[in-house]
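Chemist: I would like the atomic coordinates for the input below:
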Amino acid sequence: MAQNTIASVSVDLDATACYWRIHALPGAPPEEARRLVLRRCLPRFGELFAQAGIKATFFVVGQDLADDVEGARLLAQLAADGHELANHSFTHPYQLVRLPAGEIAAEIDRAHDAIGACGGAAPVGFRAPGYTVSAQVLDLLCARGYRYDSSAFPSLPYYAAKAAVMAAMRLGRRPSGSYLGHPSVVTAPLQPYRPAPGAPYRRGGLPIIELPMAVTPLLRLHVIGTSVVTFPEWLRRRMVAAALRRPFFNLELHGIDLADAAADGFPAALVARQPDLRRPLAAKAAALQRTLAEARAAGATFQTLAQAVPALEAALG
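Modeler: Numbers count the residues shown, from 1 in each chain. Purely as a prediction, here's the structure:
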């Protein structure tokens, strides 16, 4: 049982263009597809969380707020309802960690200002595009007083699968726009920790706290939206139960986890390459509902990531 487990649910609001880059599709997504995640998927998450009686954290790409007034309005309403809006960079560059320090700072700061203006409160948390963080990114966040980063994804199976897909795409002369990141991430702690200066995936003494994504013990299988909505039910249930045995359950989702590919109008070229887009919306919503219900039945207490930080910091001493 997870009597003392804190459960946090977060949603990365990556737009269609992000997946276009991952799959190296030609050109840009159709204009009518650019805003689908905020306009079609986001309201479904609001309904899901309202039905479950929980408050979640939404990681927002700052540029999308300027590009989509209606999407910004929906996010502002979620913030007014008690959900957290956090920083997911301004333009979602997958190679954020390879940019010069000034450009990384601009990505953080421009998103910080846009999200603060939308939600009425300055963000205190950050998640790097593609989960890839660096010592330089953490130093910039610390200098700006951020309370937490939630980018570490210590899953060897996920890292290996991503590496294999990216290698195959390179061999096919269609390199992915994603970024693999340093392999040391697979050895990062599974539970919240203070990173070491110069070593984001080791324990240390930085003032910021790192909140890793949920993985199972031992095998470190990734318990994220993609696995929750696409894996067989028996495997989903066992993975969730295993992750819930830890003191902190950080369930990371993506906006497209509640996409209805046909009804929403996602481009066929993207649907052909993105497996979760080929799952029926009803099946995905049911899997997420069961996951949240199982966490509550196990005794977990739901909090936004920002709300969870004080107790997690206290546990670290």
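Chemist: tell me how many other residues crowd residue 173.
Modeler: Here the number of neighbours of residue 173 (other C-beta atoms under 10 Å) works out to 7. For every residue, glycine as well, the C-beta is placed using N, CA and C.
Chemist: distance check, it against residue 156.
Modeler: 28 Å (C-beta to C-beta, to the nearest Å).
Chemist: again, but for residue 33
Modeler: Taking C-beta to C-beta, one finds residue 33 at 34 Å from residue 156.
Chemist: now do the buried residues in stretch 207-227.
Modeler: 208-216, 220-227 (16 or more other C-beta atoms under 10 Å).
Chemist: what of stretch 82-92?
Modeler: For stretch 82-92, a neighbour-count test (16+ other C-beta under 10 Å) marks 83, 84, 85, 86, 87, 88, 89, 90, 91, 92 as buried.
Chemist: mind checking the end-to-end distance for that stretch?
Modeler: 25 Å (C-alpha to C-alpha, to the nearest Å).
Chemist: and the longest helix along the chain, what does it pack onto?
Modeler: Under DSSP state H, the helix in the chain containing the largest number of residues is helix 101-119. Judged by 3 or more C-beta pairs under 8 Å, 6 or more residues apart in numbering; DSSP states H and E, helix 101-119 is in contact with strand 57-60, helix 62-67, helix 69-80, strand 84-87, helix 135-143.
Chemist: adjacent strands (with direction) for the first one?
Modeler: Strand 57-60 has its sheet partners listed here by DSSP bridges as strand 6-12 (parallel), strand 84-87 (parallel).
Chemist: next, format these as JSON lines and append distance to residue 314 and mean pLDDT.
Modeler: Below are these laid out as JSON lines (distance: least, C-beta to C-beta, whole Å; pLDDT from 0 to 100):
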{"stretch": "strand 6-12", "distance to residue 314": "12", "mean pLDDT": "98"}
{"stretch": "strand 84-87", "distance to residue 314": "19", "mean pLDDT": "98"}
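Chemist: residue 126: which of these is closest?
Modeler: strand 84-87 (4.5 Å; C-beta to C-beta).
Chemist: what's the mean pLDDT across stretch 96-107?
Modeler: The average pLDDT for stretch 96-107 rounds to 98.
Chemist: what distance separates the start and the end of that stretch?
Modeler: 8 Å.
Chemist: and it, which residues are buried?
Modeler: Using 16+ other C-beta under 10 Å as the test for burial, stretch 96-107 gives 96, 97, 99, 104, 105, 107.
Chemist: so the fourth one sits against residue 96, correct?
Modeler: Yes: at 6.2 Å, residue 104 counts as touching residue 96 under the criterion of C-beta atoms under 8 Å.
Chemist: name the residues contacting each of those two.
Modeler: Counting by C-beta atoms under 8 Å, 6 or more residues apart in numbering, the common neighbours of residue 104 and residue 96 are residue 137.
Chemist: what's near enough to touch residue 277?
Modeler: Counted by C-beta under 8 Å, 6+ apart, residue 277 has contacts 256, 259, 261, 266, 270, 271.
Chemist: with distance to residue 42 added, can I get those residues in CSV?
Modeler: Output for the contacts of residue 277, formatted as CSV (distance: C-beta to C-beta, whole Å):
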residue, distance to residue 42
256, 11
259, 11
261, 16
266, 15
270, 18
271, 19
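Chemist: list the residues that contact residue 24.
Modeler: 169, 174, 175, 176, 177.
Chemist: quick one, which of the residues you listed are buried?
Modeler: 169, 176, 177.
Chemist: surely the first one meets residue 175?
Modeler: Yes: in this structure, residue 169 is within contact of residue 175 by C-beta under 8 Å, at 5.7 Å.
Chemist: in TSV: the strands paired with strand 57-60, plus distance to residue 249.
Modeler: Below are the strands paired with strand 57-60 laid out as TSV (distance: least, C-beta to C-beta, whole Å):
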stretch	distance to residue 249
strand 6-12	4
strand 84-87	16
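Chemist: and residue 251, which of the ones you listed is closest to it?
Modeler: Once the strands paired with strand 57-60 are compared by C-beta to C-beta, strand 6-12 is nearest, at 4.9 Å.
Chemist: how about residues contacting that closest one?
Modeler: Here strand 6-12 has contacts from 45, 49, 54, 56-59, 86, 88, 127, 150, 211, 244, 247-255, 257, 292, 295, 300-305, 308, 311-312, using C-beta under 8 Å, 6+ apart.
Chemist: out of these, which end up buried?
Modeler: Judged by 16+ other C-beta under 10 Å, buried ones among these: 45, 49, 54, 56-59, 86, 88, 127, 150, 211, 244, 248-255, 257, 292, 295, 300-305, 308, 312.
Chemist: just the ones of those residues in strands?
Modeler: 57-59, 86, 248-254, 301-302 (DSSP state E).
Chemist: closest one of those to residue 235?
Modeler: Nearest to residue 235 among these, with distances taken as C-beta to C-beta, is residue 251, at 15.8 Å.
Chemist: got a list of what that closest one touches?
Modeler: Neighbouring residues of residue 251 by C-beta under 8 Å, 6+ apart: 7, 8, 9, 10, 214, 223, 224, 225, 228, 291, 295.
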